[in-house]
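dropping the sequence and predicted coords here.
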Amino acid sequence: MEKLTHTEEETMQAVWRTGEGNVKAFMEYLEEGMPYTTVASIVKNLEKKGYLQSRLIGNTYLYSPAVSEEEYKKKFMGNVVKEYFDNSYKELVNFFVEQKKLSAKELKEIIQLIEKGK
């Protein structure tokens, strides 16, 4: 599975939200001003990369995810932890605490989630 560019990830987010749809349906979830032709090109590239599958209905292609959002998150979040946090989820959490991106309340909620998972 190939890492996606930022724009490709945004487009995949739109596809995951839509489920199955055409380019216009995906554009509803993308930033305004992105030209149809650009989105169509990104969608075709995502299909070539194996992230989307398509089927022709009449004269319109409908696209749906070939890779689930969960699969993508598992693959690339694991890489982030491995590459940037020495394969330590503790270091990842510590980073967010130090950056003041994670409050004490949120940290307690994470601990509760971990304890429930045991």
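Sure thing, it's come through.

figure out the helix or strand that T11 lives in.
helix 6-18 (DSSP states H and E).

after that helix comes which helix or strand?
helix 23-27.

name the helices or strands packed onto that next one?
helix 6-18, helix 36-48 (3 or more Cβ pairs under 8 Å, 6 or more residues apart in numbering; DSSP states H and E). Yep, even glycine has a C-beta here, placed from its N, CA and C like the rest.

quick one: distance of that helix to the chain centre.
17 Å (Cα atoms, centre = their mean, to the nearest Å).

do the same with stretch 6-17
Per Cα atoms, centre = their mean, the centroid offset for stretch 6-17 relative to its chain is 6 Å.

okay, buried residues for it please.
Buried residues in stretch 6-17, counted by 16 or more other Cβ atoms under 10 Å: 8, 10-12, 14-16.

what about dumping the CA coordinates of that stretch to PDB?
Only the C-alpha atoms of stretch 6-17 are listed here, as PDB (Å, rounded to 0.1, in the frame of the first residue of the first chain):
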ATOM      1  CA  HIS A   6      -2.200  15.200   1.300                       C
ATOM      2  CA  THR A   7      -4.600  16.000  -1.500                       C
ATOM      3  CA  GLU A   8      -5.100  12.300  -2.200                       C
ATOM      4  CA  GLU A   9      -5.800  11.700   1.500                       C
ATOM      5  CA  GLU A  10      -8.400  14.500   1.500                       C
ATOM      6  CA  THR A  11     -10.100  12.900  -1.500                       C
ATOM      7  CA  MET A  12     -10.100   9.500   0.100                       C
ATOM      8  CA  GLN A  13     -11.700  11.000   3.200                       C
ATOM      9  CA  ALA A  14     -14.500  12.300   0.900                       C
ATOM     10  CA  VAL A  15     -14.800   8.900  -0.600                       C
ATOM     11  CA  TRP A  16     -15.000   7.100   2.800                       C
ATOM     12  CA  ARG A  17     -17.700   9.600   3.900                       C
END
